[in-house]
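Visitor: Give me coordinates for this.
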Amino acid sequence: MRIALFEPDLPPNVGTLVRFGACLGLAVDIIRPCGFPLGREALRRSAMDYFDLADIHIHADWAAFQRDVPGRRVLLTTKASQPFHAARYEAEDVLLLGRESAGVPDFVHDAAALRVCIPMRAGLRSLNVALAAAMVAGEALKQTGLYPR
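Guide: Take a look at the predicted model:
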C-alpha cells in the first residue's frame, strides 16, 4: 500500500505524510510540480528525523507516476459518493490525494479505479489532506492486515 500526493501545495502536510508513511511502512509518492521547492529543508520540521526512514518516490509528473507505480488508484475526493469505511481495499492500493487548494483535475478522477469520501457534516468542505490520508489508510491497513507488527 502507498500514499500518493498529486501536486501538493503545503510542505507541512507532505512532511507529516512522510513521517506517517515511515511509521506505518507505506511508500509515499510525490507527483510534481509542487507548490513549494521540494527538498529535505522544506520537509525537515514536519518530517523530523523520519525523512531518512521513509520510502519516498518523487515523480516528474502525472504521466511518470502512472508509468512507474503499479496498483489500483484509490482517490480520496469530496466528489465521491462511497464512504471510505464502506469500500474494500487491497494490499496493492495507492491512496491518492489531491492538492490542498484545488483537489485533482478530471483526468486524475478518470484514472481512479475507486473514489471514496469521508462523510462530514453538511456545509463543510474538506479535511486537512494529512488527516484524510490517515483516516483512510487506517481503514485500508486494518482491512488488508498490513499494519506493522
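Visitor: Which residue, other than its chain neighbours, is closest to residue 77?
Guide: Nearest residue to residue 77 in three dimensions, chain neighbours excluded: residue 115, at 5.4 Å (C-beta to C-beta, 6 or more residues apart in numbering). C-beta coordinates here come from the backbone N, C-alpha and C atoms, glycine included.
Visitor: By mean pLDDT, flag the weakest helix or strand of this structure.
Guide: helix 40-47 (a mean of 65; mean pLDDT, DSSP states H and E).
Visitor: Run through who's touching the helix ranked longest in the chain.
Guide: The longest helix of the chain (DSSP state H) is helix 129-144. For helix 129-144, the surrounding residues in contact (C-beta atoms under 8 Å, 6 or more residues apart in numbering) are 1, 3, 5, 8, 10, 13, 16-17, 20, 24, 26, 74, 76, 84-85, 87-91, 93, 95, 97-98, 100, 116, 118, 126-127, 146-147.
Visitor: Out of the residues you listed, list just those in strands.
Guide: Judged by DSSP state E, strands contain the following of those: 3, 5, 74, 76, 95, 97, 116.
Visitor: Now do the fourth one: how many residues are near it, please.
Guide: With neighbours defined by other C-beta atoms under 10 Å, the count for residue 76 comes to 27.
Visitor: so what's it up against?
Guide: If you count contacts by C-beta under 8 Å, 6+ apart, residue 76 has them with 84, 95-98, 116-118, 132-133, 136.
Visitor: what is the orientation angle of the longest helix of the chain with strand 2-6?
Guide: For helix 129-144 against strand 2-6, the angle by axes from the mean of the first three to the mean of the last three C-alpha atoms, to 10 degrees is 150 degrees.
Visitor: For helix 129-144, buried residues please.
Guide: The neighbour-count check on helix 129-144 (16 or more other C-beta atoms under 10 Å) flags 129-130, 132-134, 136-137, 139-141 as buried.
Visitor: just stretch 101-117 next, same as before
Guide: 103-104, 108-109, 112, 114-117.
Visitor: low-confidence ranges in this protein?
Guide: 40, 42-48 (pLDDT under 70).
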